[in-house]
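Q: Give the three-dimensional model of this entry:
(2 chains)
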Amino acid sequence: MGKIKRLHSMLEAKELSCRELVQMYLSGIEKDNSVLNAYVKPTPETALNAADAVDRKLAAGEKLGLLEGIPMTLKDNISTRGIETTCCSKMLRGYVPIYDAAVWEKLRAQNAPLLGKTNMDEFAMGSSCETSCFGGAVNPHNLERVSGGSSGGVAAAVGGNLAVYGLGSDTGGSIRQPASFCGLVGLKPTYGSVSRYGLVAFASSLDQIGPIAACAEDAALVFDAISGRDERDSTSCAFPGSSAAGGLRDSVAGLKIGVADEYFDGVRSDVKQALDRGMKTFEGLGAELVPIRLPSIKYALPVYYILACAEASSNLGRYDGIRYGYRTKGYNGTHEMICKTRSEGFGAEVKRRILLGTYVLSSGYYDAYYKKAQDLRSVIIRDFEAAFSACDVILAPTVPTTAFERFFTQKDAVETYQTDICTVPVNIAGLPALSVPCGFGADGLPIGMQLIGNRFREGTLLSAAWQFEQATDGAFLKTVEMGVRL
Amino acid sequence: MSWEMVCGLETHVELSTKTKIFCGCRARFGGEPNTNCCPVCVGHPGTLPKLNRQVVRYAIMAGLVMNCSIPPVAKMDRKNYVYPDLPKAYQISQYDKPLCLGGHVALSSGRTIGITRIHIEEDAGKLIHQGGDTFVDYNRGGVPLIEIVTEPDFRSVDEIREYLEYLQLLMRYIGVSDCKMQEGSLRCDVNISVRRAGSDELGTRTEIKNMNSFSFIAKAVEYEMERQIDLLESGESVVQETRRYDDGSNTTEPMRSKEDAHDYRYFREPDLVTIRTSEEEVEEIRAALPELPDRKLARYLERYGLSEADARLLIKYPKIAAYFEEAAEGVASPKTVANFILGQIFRAMETEEDKENGEISVSAAHLRELALLIDGKKLNMNLAKSTLDRMLETGKPVSELLTAEDMAGVSEDELKAVCRDTVAANPKVVADYLGGREKAVKSLIGQVMKATRGKADAVAVEALLVECIRARG
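A: Model prediction:
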């Protein structure tokens, strides 16, 4: 039984009140957050108000929804009305939104106690959480390592037992990589299946919000709660078919699992071994491994960085100090104000990407970079479509390594970008992908296995992951002995 | 050696939809600055645009009445540039796949003006300069616009004026915009170059901005043409640049040079999906279009027998035309109705605005009632006119203003008696008339009308007076 269902039955059985449950997490945050730096803004009042609403329902004998009263967190790029939303950037320190993100509206309506907003790379640009203006979050498994990025705070919180689940965002791997580094399940949904309304945009055609949780069942329950068409997001769509959580117990016998050599290039040997063992486990469950080819994914990294930075350079143009957020002091005229505000308000990585994005869109270079990347995007999409005619699910590493050492990513930007190599292809193709823990590295740190599906096949991915967890007795699902132990 | 102008226009028309193009804020508003905005149109972090389908429909309507084709697939693009009145630092517009392509408009001379394209986009906010400071009001941000681009087919200022007036008329007829330059719902930039008459080549053009009325456009174009001709005649060349018209000095000045020209870094708007328009939809929109001015003019000449001048005056204001048609329904002499409108009713209106709004205190039904009474000879023209004045003042119908007795007019005997008395009291006029000045009788008509409290028919009165005068002679 997953954590969410276990807590749900404890609440309904009145083993503890919701307020007590939430209070345990709030105390855990007080005790351990300074070590993990997972939360950038705890919100105890908000959490306790939701807890009280749940307790009132329980007292009145009403039934609870599965997510009601389950303590959770939101990455700090998800808009929360009345609660500061900074994207961990100096540019948005003090910015308090006047509206809620669609996903938060849905969860708030289910009395989800929001424990606080969690740490992230600035404007979601990074792979370690260390470009955050609040400093990075650390890995609960090893405090000398990062928890990952850009949803590093959510992963550190869930991995360190300071939240049951959280919502992160994934543009090039920002849910899956931290989940992999921290031994958690992270799902990047099919592009369009979760509303982006209220997600501070990094790269509009690549961003998606998704759950980071302790196990496949939990991830499935959260995904079901947040997915669906939202009129305010024209790129969102109704999720076809049945719920993801409903089909968890589906057998994987006969499931065709595609393995592409292209994904295993440059992957560390202990990671490869863990993936091999994972493949054997699936074979033991009756799945069939099928070799497939994805020749164009060698272009995925440059395509990703060109498209993501191009869109980001446009999406971040609005931060000029005029209407909200940081504004420089001491300036003569609007032009100087805008220049100084942006120079002072943005960190180095954000500036790097804005410059790169502006360059690839500029006149004279547009065809060579942006247009070419868009054309290659179509090729990558077609490669995946062809692959899915030969298999049901693609299995690959999530990251070539385990969690980086702290400050590793600050040494060389391009070397850091290379570590995204396994995660970016599905963002380009708009496909769903799940990272599920499948082993530990030679350094004792968690390793994640990536399951990739065709559009709207979250159900297949989650059930495969669930079957894997059952077959391995949840051996890789251990969260760390800190925070709240239940 | 004579020169000719080569000119194209880029016109922005504000659409009169209920809400803005990408959010639910009202598109029409008055009121305090920054009170008609929401997170979307002010560009708060995390917000997304949602395309108002009515905007697409209005743009297609405009395209159809300008004879454009409507491609089945169109898209939105981001035009990136930094300016304080542009909240997102990009304008969502259309670059290479606009909603309408390749149309034309016929001028009265028979020449046609090619319409290159029509696309939709959002308006920016407004900068307000006050006492050395600059303020931004985002109320207007997100208001839907169509941009209509013509081929460089204009050859004279008159053609430009005719086109703009016709454009205004068309947009008002189909109800997509009230197209008022003074209110900013019609804005026009001019691209102009000159060349030797007879040449096929295009000279270097400049773009002229900041003209707030048709007459300023005319003046700016004339000035710029002269300026370019002077340059070229003295052996210099025209610099391709954007120039600003200054109405104070009636000159144009350079705004920004090519070095400062914006690189808009257009790319497809990722937050909005492709706009697909089927042929069925286009035909449905076409079928739902109201009667256009040209068709209406032809109909007014044929069916109502109006003069072209009168017909054009009525058609100029769609609401007045509708009013006229309702009031003339079933009336034997629609000319009478037209005259009432173009005469007394127009005179009672104080501004052009009133005519555009069609605010008339006499309802069409009441005017029709009046006209039918004249048809049935129950009311003579004089009494009708004075009654109409009273109707305009009070808003009341004929039945409340005139009794049956009033309308019955004057009996023939009574009228003869009054005429005889009036003639008897004016021997000088009699003498004048009999002496050959027949027009002298006219001075007596007024007296008779006064004596009969306007109830007599002036024509009949004149005839009777003449009879009485002759009887004396």
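Q: For the chain, give the helix that spans the most residues.
A: You didn't pick a chain, so chain A it is. Looking across chain A with DSSP state H, the single longest helix is helix A:18-36.
Q: wrong one, I was asking about chain B
A: helix B:214-233.
Q: and that one, how far out from the chain's middle?
A: Chain-centre distance of helix B:214-233: 26 Å, with CA atoms, centre = their mean, to the nearest Å.
Q: Might you report the residue contacts of the one residue in chain A that gets nearest to chain B?
A: In chain A, the residue that lies nearest chain B is A:Gly317 (2.9 Å; CB to the nearest CB). In this view, the C-beta of every residue, glycine as well, is placed from N, C-alpha and C. By CB atoms under 8 Å, 6 or more residues apart in numbering or on different chains, the residues touching A:Gly317 are B:80, B:82, B:88-90.
Q: Correct me if wrong, but it is in a strand.
A: No: A:Gly317: not assigned to a strand; according to DSSP: H, G, I helix; E, B strand; the rest coil it is helix.
Q: May I ask which helix or strand of chain B has the lowest mean pLDDT?
A: Here the helix or strand of chain B ranked lowest by mean pLDDT, DSSP states H and E is helix B:404-408, holding a mean of 68.
Q: That one: what's the following helix or strand?
A: Per DSSP states H and E, the first helix or strand lying C-terminal to helix B:404-408 is helix B:412-424.
Q: Quick one: mean pLDDT over that next one.
A: The pLDDT scores in helix B:412-424 average 83.
Q: immediately after it, which helix or strand?
A: helix B:427-434.
Q: Please identify the buried residues of that next one?
A: Neighbour-count burial for helix B:427-434, counted by 16 or more other CB atoms under 10 Å in any protein chain shown, picks out B:429-430, B:432-433.
Q: ok so, going back, next, the buried residues of the longest helix of chain B.
A: B:214, B:216-221, B:223-225, B:227-228, B:232.
Q: Quick one: residues in contact with it.
A: By CB under 8 Å, 6+ apart, helix B:214-233 touches B:3, B:5, B:7, B:157, B:160-161, B:164-165, B:181, B:188, B:190, B:192-194, B:203, B:206, B:208, B:211, B:237-238, B:243, B:245, B:247, B:250-252.
Q: Equivalent analysis for stretch A:347-366, please.
A: Stretch A:347-366 is contacted from outside by A:89-90, A:121-123, A:125-126, A:131, A:133, A:305-306, A:308-314, A:316, A:346, A:369-370, A:373, A:413, B:80, B:263, B:265, B:267, using CB under 8 Å, 6+ apart.
Q: Of the residues you listed, which belong to strands?
A: Under the assignment DSSP state E, these contribute B:80, B:267 to strands.
Q: So how do I select the buried members of the contacts of stretch A:347-366 in ChimeraX?
A: Of the contacts of stretch A:347-366, the buried ones go into a single ChimeraX selection, burial set by 16+ other CB under 10 Å:
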select /A:89,90,121,122,123,125,126,131,133,305,306,308,309,310,311,312,313,314,316,346,369,370,373 /B:80,265,267
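Q: Which residue is the nearest non-sequential neighbour of B:Arg265?
A: Among residues not flanking B:Arg265 along the chain, A:Leu361 sits closest, at 3.9 Å (CB to CB, 6 or more residues apart in numbering or on different chains).
Q: Could you give the backbone dihedrals for the one you found?
A: Here is the backbone geometry of A:Leu361 (degrees, to the nearest 10): phi -100, psi -10.
Q: now do A:Lys280
A: The phi/psi pair for A:Lys280 (degrees, to the nearest 10) reads phi -60, psi -40.
Q: and it, how many neighbours does it have?
A: For A:Lys280, the count of nearby residues is 11 (other CB atoms under 10 Å in any protein chain shown).
Q: Check B:Val13 too.
A: Neighbours around B:Val13, by other CB under 10 Å: 25.
Q: repeat for A:Asp383
A: Neighbour tally, A:Asp383, other CB under 10 Å: 22.
Q: Dump the C-alpha coordinates for the host helix or strand of it into PDB.
A: In this assignment (DSSP H and E), A:Asp383 forms part of helix A:372-387. Output in PDB follows, covering the C-alpha atoms of helix A:372-387 (Å, rounded to 0.1, in the frame of the first residue of the first chain):
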ATOM      1  CA  LYS A 372      16.700  23.800 -37.900                       C
ATOM      2  CA  ALA A 373      15.900  22.800 -34.300                       C
ATOM      3  CA  GLN A 374      12.200  22.900 -35.000                       C
ATOM      4  CA  ASP A 375      12.700  20.700 -38.100                       C
ATOM      5  CA  LEU A 376      14.700  18.300 -36.100                       C
ATOM      6  CA  ARG A 377      12.000  18.200 -33.500                       C
ATOM      7  CA  SER A 378       9.700  16.700 -36.000                       C
ATOM      8  CA  VAL A 379      12.300  14.100 -36.900                       C
ATOM      9  CA  ILE A 380      12.600  13.100 -33.200                       C
ATOM     10  CA  ILE A 381       8.900  12.900 -32.800                       C
ATOM     11  CA  ARG A 382       8.700  10.600 -35.900                       C
ATOM     12  CA  ASP A 383      11.500   8.400 -34.500                       C
ATOM     13  CA  PHE A 384       9.500   7.800 -31.300                       C
ATOM     14  CA  GLU A 385       6.300   7.100 -33.300                       C
ATOM     15  CA  ALA A 386       8.200   4.500 -35.300                       C
ATOM     16  CA  ALA A 387       9.700   3.000 -32.100                       C
END
